[in-house]
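Chemist: give me a model of this one.
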Amino acid sequence: MSKHEEKIKKLFQHPISGNINTTRLIHALEHFGAKVDMSKKHRALIHINGKEHSLTLSHRNELSKDSIVKLRHFLQEVDLTPDKL
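Modeler: Numbers count the residues shown, from 1 in each chain. Here you go, the predicted model:
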């Protein structure tokens, strides 16, 4: 399993992991075909399969549990889940 697959799998773990590094996660999403635009307002706009998701970034470079849940739902919607990698 690649390091990119590991990052996607970590998003779907139960209980939700509290230490997902956003930089590494963004690299993993790009590896699987996402286009990520960084905004000046601490947001990352993720584009996959014609759909878009806005991810709020923290200064600590980690995601909140709420952000992880929202991202998880978005990735399920665009079929980027651990069982489909």
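Chemist: for this protein, which helix is longest?
Modeler: helix 65-77 (DSSP state H).
Chemist: which one in the chain is furthest away from the centre?
Modeler: Distance from the C-alpha centroid of the chain peaks at K40, with 18.4 Å (C-alpha atoms, centre = their mean).
Chemist: and that residue, how far from L57?
Modeler: 11 Å (C-beta to C-beta, to the nearest Å). From N, CA and C alone the C-beta is placed, and that goes for glycine too.
Chemist: need phi/psi at the residue farthest from the centre of the chain.
Modeler: When read as degrees, to the nearest 10, the backbone of K40 gives phi -80, psi -10.
Chemist: give me the pLDDT for it.
Modeler: Per-residue pLDDT puts K40 at 80.
Chemist: what sits against the residue nearest to S67 when sequence neighbours are not counted?
Modeler: Spatial nearest neighbour of S67, chain neighbours left out: T56 (5.7 Å); criterion: C-beta to C-beta, 6 or more residues apart in numbering. T56 sits next to H42, R43, S64, S67 when contact means C-beta atoms under 8 Å, 6 or more residues apart in numbering.
Chemist: name the SS class of I46, please.
Modeler: In three-state terms, and counting by DSSP: H, G, I helix; E, B strand; the rest coil, I46 is strand.
Chemist: show me what it is bridged to.
Modeler: Counting by DSSP bridges, I46 is bridged to V36, H53.
Chemist: any idea how far it is from L85?
Modeler: Counting by C-beta to C-beta - I46 and L85 are separated by 16 Å.
Chemist: mind checking which of these two has more residues around it?
Modeler: Neighbours were tallied for I46 and for L85 using other C-beta atoms under 10 Å; the higher tally belongs to I46 (23 against 13).
Chemist: what sits up against stretch 70-78?
Modeler: Against stretch 70-78 from outside (C-beta under 8 Å, 6+ apart): I8, L11, F12, I46, I48, N49, K51, H53, L55, L63, T81.
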